[in-house]
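Peer 1: build me a structure from this.
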Amino acid sequence: MTVEIVELSFAAHDPAAQARFWAGVLGRTVVHRADEVALPPDQEPGFVLAFEHTDVPRRGANQMHFDLRSATPQEQAATVARALALGATHLDVGQLPEEEHVVLADPEGNEFCVVEAGNGFLADTGRIGCVSSDGTRRLGHFWSDALGWPLVWDQDEETAIQSPRGGTKISWGGPPLARRSGSERLRWLVAPAAGSDPDAEVGQLLRRGATRLSDPEPGTDQMVLADPDGNEFRLLLTRAGG
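Peer 2: Next up, the predicted model:
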């Protein structure tokens with residue numbers, strides 16, 4: 001039994017503005033839903049980017065950030081120029097002068113990288129080449145088992161997974177882990193795969209090392225859990241048509 005990624009949620013002070021920024025960078029379309037603004041995937045396999053309002057101040061670096069793939073040097077330059085025109089800023093995270101990727105922050109300070117052309121790790125990925133994450137080797141194996149995605153990298157405490165159908169990779173950099181800021185901006189929403197029993201899937205996630213943080217409140221269909229490293233994610237218990 002496995003779960004599937006439904007969306008990656010961004011907490012934002014101005015969800016609509018953040019959605020417009022990322023739509024412009026990624027070439028996606030903004031869709032307004034009942035309680036959030038979303039960007040449907042631009043390809044399959046892919047996942048929705050959803051922007052939800054928060055009043056919590058941002059503190060410190062995020063546990064996850066995007067590595068955007070570039071097919072050519074011209075595409076990398078164009079992506080950087082487009083992002084800056086939309087409100088991004090350059091960010092110094094200690095990158096070396098010889099490193100060719102460009103580190104930027106979106107208008108609310110969320111870090112992302114525009115990776116140079118010819119990067120072999122991102123060669124077979126989507127526009128969002130990788131969701132790069134702070135996390136242990138155990139976390140990579142947890143999500144590999146939970147999603148049914150094979151490990152495409154497992155070396156020196158670093159791990160990465162990718163759907164068997166291709167698309168965006170998810171990676172974890174291994175120790176040392178950054179100190180938690182208490183204001184994480186990105187978190188996954190997953191749901192039981194078609195035909196799976198939600199209660200059984202919760203049990204599987206707990207046995208794999210997740211922790212239950214809350215039961216669904218009345219009138220809601222989402223449960224909050226934490227992965228083995230303590231990062232929150234949500235499990236959607238019911239799906240449209242299911």
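Peer 1: which residues touch residue 66?
Peer 2: For residue 66, the residues meeting the contact criterion (CB atoms under 8 Å, 6 or more residues apart in numbering) are 112, 113, 128, 130, 131, 132. Yep, even glycine has a C-beta here, placed from its N, CA and C like the rest.
Peer 1: does it sit in a helix, a strand or a coil?
Peer 2: Of the three states, residue 66 takes strand according to DSSP: H, G, I helix; E, B strand; the rest coil.
Peer 1: that one and residue 86, how far apart?
Peer 2: Distance of residue 66 to residue 86, computed by CB to CB, to the nearest Å: 14 Å.
Peer 1: go on, residue 130?
Peer 2: Here residue 130 is placed at a distance of 21 Å from residue 86 (CB to CB).
Peer 1: and the two? Which one has more around it.
Peer 2: When residue 130 is set against residue 86 and neighbours are counted by other CB atoms under 10 Å, the residue ahead is residue 130, at 24 against 16.
Peer 1: within the helices and strands, which one has the more buried one?
Peer 2: strand 128-133 (DSSP states H and E).
Peer 1: pull out the buried positions in the helix or strand just after that strand.
Peer 2: Next in sequence after strand 128-133, counting helices and strands by DSSP H and E, comes helix 137-147. Using 16 or more other CB atoms under 10 Å as the test for burial, helix 137-147 gives 137, 139, 140, 141, 142, 143, 144, 145, 146, 147.
Peer 1: ranges for the helices of the chain?
Peer 2: The residue ranges that make up the helices of the chain, judged by DSSP state H, are 15-26, 73-86, 137-147, 198-208.
Peer 1: list the buried residues in the first one.
Peer 2: Buried residues in helix 15-26, defined by neighbour count with 16+ other CB under 10 Å: 15, 17, 18, 19, 20, 21, 22, 23, 24, 25, 26.
Peer 1: now the spatially most distant residue from the centre of the chain: how far from residue 42?
Peer 2: Of all residues in the chain, the one whose C-alpha sits farthest from the chain's mean C-alpha position, using CA atoms, centre = their mean, is residue 218 at 27.7 Å. Distance, residue 218 to residue 42, using CB to CB: 36 Å.
Peer 1: let me know the pLDDT of residue 96.
Peer 2: Residue 96 is assigned 68 on the pLDDT scale.
Peer 1: how's the chain carved up into domains?
Peer 2: Taking automatic domain parsing as the domain assignment, the ranges for the chain are 3-172, 187-236.
Peer 1: end to end, how far does the shortest one reach?
Peer 2: If I follow you right, that is domain 187-236. 13 Å (CA to CA, to the nearest Å).
Peer 1: tell me the mean pLDDT for that domain?
Peer 2: Looking at domain 187-236 alone, the average pLDDT works out to 92.
Peer 1: ditto for stretch 19-39
Peer 2: Per-region confidence: stretch 19-39 scores 94 on mean pLDDT.
Peer 1: cool, stretch 112-124 as well?
Peer 2: If you average the pLDDT values across stretch 112-124, you get 96.
Peer 1: buried set for it?
Peer 2: By neighbour count, with 16+ other CB under 10 Å as the criterion, the buried positions of stretch 112-124 are 112, 113, 114, 115, 116, 119, 121, 122.
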